[in-house]
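Chemist: Make a model of this:
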Amino acid sequence: MSRIGNKPITVPEGVEVRIDGHKITVKGPKGTLEREINKNISLEMDGNTIKVIRPNDEPLNKSLHGLTRTLINNMIIGVKDEFTRELQINGVGYRVVKQGNNLNLTLGYSHPVIFEAPAGITFDVPNPNTIIVRGVDKELVGQTAAVIRTKRPPEVYRGKGIKYAEEVIRRKEGKTGK
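Modeler: This is a model prediction of the structure:
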């Protein structure tokens, strides 16, 4: 049995959930999200709780059970609070400047890298070495942060590049360290 899939989802105050067949719409103070649910999974709404139900114990349905519950729970959390991901830039001369909704990244290339914000994503730049990605969709926030990180991934000898705030870069010694 899926332990995560069996947990009921409680809908907090100020969040409105609408289920139309296999489509769920979640509306809250921070925004609105929609998602198509797999046809094998069904949803029951009873007051302010949502229950995810699978028809049988086939492996596909078992895997979709917990996944669907987690996706719906993340939608509810996102429209209520918002998700954030923090990136740090390390390196001499590396910095970021916010220009409107876009980021102007100086990463040691011969040209500045301009990164445009996708729809539903906002950036905060509290200092020239920190980027905070915000949005209601957890998947989009994580994907945007990952794409920004690929512009200059951290290297293992000096630690220069863009990394997640909680990421630890394992350093190598180099040629002279024998």
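Chemist: For the closest residue to Leu87 other than its chain neighbours, give me phi and psi.
Modeler: Of all residues not flanking Leu87 in the chain, Ile131 sits nearest, at 4.3 Å (Cβ to Cβ, 6 or more residues apart in numbering). Where C-beta positions appear, they are placed from N, C-alpha and C, glycine not excepted. Dihedral pair for Ile131: phi -120, psi 130, per degrees, to the nearest 10.
Chemist: How about the contacts made by Ile131?
Modeler: Counting by Cβ atoms under 8 Å, 6 or more residues apart in numbering, Ile131 touches 86-89, 96, 103, 123-125, 148, 162.
Chemist: Which two among these are spaced furthest apart?
Modeler: Asp124 and Ile162 (15.4 Å; Cβ to Cβ).
Chemist: These two: which is more packed in?
Modeler: Legend: neighbour count by other Cβ atoms under 10 Å for Asp124 and Ile162, higher for Ile162 (24 against 12).
Chemist: where's the more buried one, which helix or strand?
Modeler: If you go by DSSP states H and E, Ile162 is part of strand 161-164.
Chemist: how close does the residue nearest to Leu87 sit to Ala165?
Modeler: With distances taken as Cβ to Cβ, to the nearest Å, Ile131 is found 10 Å from Ala165.
Chemist: can you check Arg134 too?
Modeler: From Arg134 over to Ala165 (counting by Cβ to Cβ), the distance is 14 Å.
Chemist: Give me the buried stretch members for the biggest helix by length in the chain, please.
Modeler: For the chain, the longest helix by residue count, based on DSSP state H, is helix 59-80. Residues of helix 59-80 classed as buried by neighbour count (16 or more other Cβ atoms under 10 Å): 61, 64-80.
Chemist: Same question for stretch 151-167.
Modeler: Neighbour counts using 16+ other Cβ under 10 Å place 152, 154, 160-163 of stretch 151-167 among the buried residues.
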